[in-house]
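Asker: Coordinates for the following, if possible.
(chains A and B)
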Amino acid sequence: NAGVMQNPRHLVRRRGQEARLRCSPMKGHSHVYWYRQLPEEGLKFMVYLQKENIIDESGMPKERFSAEFPKEGPSILRIQQVVRGDSAAYFCASSPSPRSQGYTDTQYFGPGTRLTVL
Amino acid sequence: AQKVTQAQTEISVVEKEDVTLDCVYETRDTTYYLFWYKQPPSGELVFLIRRNSFDEQNEISGRYSWNFQKSTSSFNFTITASQVVDSAVYFCALKINQGGKLIFGQGTELSVKP
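Answerer: Predicted coordinates for the structure are as follows:
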């Protein structure tokens, strides 16, 4: 049973470019969370999604950042016109639906994408 | 507002010593969930334990043990007979809703020297 997959693992962008980070949840998980870890800081929540639905985006910066979790395919965190301050590790986590058998709300994390903005 | 405080930024011990990582949380909710995660030098986040607010039983898993005390809003983590492979950053986290976001502490960087 594969864990949470994230790609790419490392991403280098120049200022002004777009960054697309992908996350495939664990099999059977329908909830996805994105967190950001800035250098020397802890993990901060960004957004919580279910399939085709944003549940909580209270941690998302107001501009340039967007996230989606389509019916088919991975969840995507998109950062437009990146700036140096966007350099960080971005982690995705997944958990099953509360309606699923043997539900536990534990979030399991992927290996992260390290974004470097030059 | 919810908050998690890990007052120890860095801890350094020698192999085989016992070490306790402190975690203090704040919430007005009566139902909540507490977690510990480990982030080794390779960078991934590894789930260690989950506790809900109604279960104050302490837990032991091998060399790891957790002490949950609602009276002091603490959920401390002890590693017995530490090993070099325990070197990592350890995060304590709080969640107040099932399916909701995790609120992380700043993390404690543990260094175990041979």
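
Asker: Where do the strands of chain B begin and end?
Answerer: Applying DSSP state E to chain B gives strands spanning B:3-5, B:10-14, B:19-21, B:24-26, B:33-39, B:46-52, B:59-61, B:64-69, B:74-79, B:88-95, B:103-104, B:108-113.

Asker: ok, residues contacting the fourth one?
Answerer: Judged by CB atoms under 8 Å, 6 or more residues apart in numbering or on different chains, the contacts made with strand B:24-26 from elsewhere in the structure are B:1-7, B:32, B:34, B:72-75, B:92, B:94. Yep, even glycine has a C-beta here, placed from its N, CA and C like the rest.

Asker: By pLDDT, rank those residues and give me the bottom one.
Answerer: Looking at the contacts of strand B:24-26 by pLDDT, the weakest one is B:A1, with 84.

Asker: count of residues packed around it?
Answerer: Number of residues near B:A1 (other CB atoms under 10 Å in any protein chain shown) recorded here: 6.

Asker: same thing with the one 3 residues further on?
Answerer: When neighbours are defined as other CB under 10 Å, B:V4 has 23 of them.

Asker: So it sits against B:L94, correct?
Answerer: Yes - applying CB atoms under 8 Å as the test, B:V4 and B:L94 come out as touching, 5.1 Å apart.

Asker: Look up the closest residue to B:I11, ignoring the ones flanking it.
Answerer: Leaving aside its chain neighbours, B:I11 sits nearest to B:L110 (5.2 Å; criterion: CB to CB, 6 or more residues apart in numbering or on different chains).

Asker: thinking again about what came up before, could you name every residue contacting both of B:V4 and B:L94?
Answerer: B:Y25, B:I103.

Asker: Which strand residues bridge the residue sitting nearest the centre point of chain A?
Answerer: Note on chain A: the residue nearest the mean C-alpha position is A:W34, at 3.3 Å, using CA atoms, centre = their mean. Counting by DSSP bridges, A:W34 is bridged to A:V47, A:C92.
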